[in-house]
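Dropping a prediction and its sequence here:
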Amino acid sequence: MSVQSFYPLKFRPILKEKIWGGTKLKSVLNKPSVSENTGESWEISDVEGDTSIIDNGEFSGKSLSWLLNNFSHEILGEKNAVIFGTKFPLLIKFIDAKEDLSIQLHPNDELAAKRHNSFGKTEMWYVMQADENANLIVGFNQNMTPETYLRHLQSKTLTKILNFELVKTGDTFFIEVGRVHAIGAGVMLAEIQQTSDITYRVYDWDRVDDQGNERELHNDLAIDAINFKMENNYKVSYSKQLNTSNEMVTCPYFTTNYIDLAGEIEKHNNLDSFIIYLCVEGVFTIKVGSNMTRVKQGETILLPAAIKTYQLSSSEAKLLEVYV
């Protein structure tokens, strides 16, 4: 297949029902949900058992895993194809929390490989909408020891030592492995993470499901995976210069930039990587040769690494730009 044949790829959302989920993914982002408790829309996924299906163009109906088995270098880029083979390294989600999520953390690559034959789970959040007084938990509000942490965990006073952040649209947080965190009720956000579904849940607010069962906790696994150090500022600062890629997060697993788009910009991919665009506000068009693809709020698009030149245009849109 020639390089000229590759085009921006859309995928069918994979919707996940959650005890804490709500209706914003349908009402705000227009996801095809028929439930009152849709918590997550997996936009691009290569997690085993949850592989995304292409929803546009020549490859429509084919899976992401099929695409990578046939065109890994063209999709991922040369360096990424060497590192990841035929696996896609990122998982992209939109999340709607009608209720508080559990307090949790994720293991690093070493622990995840040893225990679960998986990548670790470094991630970031971009708040797309937040109800009044909605908050997140990110990290500790004081330096912590395992002994003090366990004492609070056992006495159900964990929230006294956790850092709560009131949030609004545009707030961004980098969630390193080992960092305790929870999305609060009333928050809808975009999440960019390593391809992993490994979560250690440490407290779930004593919730029970409709059968009266509490969700499983993972405190034995979590204790040696937690980063007990307090940070001074958990929120990510970034500039919002118009029509340019403003760096938000750069880590070994991904880079995410913010683009406030108004007008048209010419882009050149010299990264040797795929590029993902999440439309977090408004509508924009991506033009590759004669191919024009319209992307609206709540949609995600994958630009294969083989595409080197393209244009982004909009009267007004806000995008997240992600690559490895």
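Arrived safely, thanks for sending. Numbers count the residues shown, from 1 in each chain.

tell me the contacts of the residue nearest to residue 274 when sequence neighbours are not counted?
Leaving aside its sequence neighbours, residue 274 sits nearest to residue 305 (C-beta to C-beta, 6 or more residues apart in numbering; 5.0 Å). From N, CA and C alone the C-beta is placed, and that goes for glycine too. Residues near residue 305 by C-beta atoms under 8 Å, 6 or more residues apart in numbering: 73-78, 80, 269, 271-275.

Out of these, who's the most crowded?
residue 76 (27 neighbours; other C-beta atoms under 10 Å).

Residue 103: neighbour count?
21.

Can you tell me who it pairs with across the strands?
Taking DSSP bridges as the rule, residue 103 bridges to residue 203.

Can you check the pLDDT for it?
pLDDT, the model's per-residue confidence, is 97 for residue 103.

separation between it and residue 137?
6 Å (C-beta to C-beta, to the nearest Å).

Quick check: neighbours shared by the two?
162, 180-182.

Out of those residues, the closest to residue 197 would be?
Ranked by distance to residue 197 (C-beta to C-beta), these are led by residue 181 at 15.8 Å.

In TSV: the shared contacts of residue 103 and residue 137, plus neighbour count, secondary structure and distance to residue 47.
Converted to TSV, those look like this (neighbours: other C-beta atoms under 10 Å; DSSP: H, G, I helix; E, B strand; the rest coil; distance: C-beta to C-beta, whole Å):
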residue	neighbour count	secondary structure	distance to residue 47
162	19	strand	28
180	26	coil	23
181	22	strand	20
182	24	strand	21
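
And those, which is closest to residue 206?
Distances from residue 206 to the shared contacts of residue 103 and residue 137, taken by C-beta to C-beta, are shortest for residue 182, at 14.2 Å.

Can you classify the nearest residue to that closest one once chain neighbours are set aside by secondary structure?
Distances taken as C-beta to C-beta, 6+ apart place residue 137 nearest to residue 182, at 4.2 Å, with adjacent residues excluded. At residue 137 the chain is in strand, as set by DSSP: H, G, I helix; E, B strand; the rest coil.
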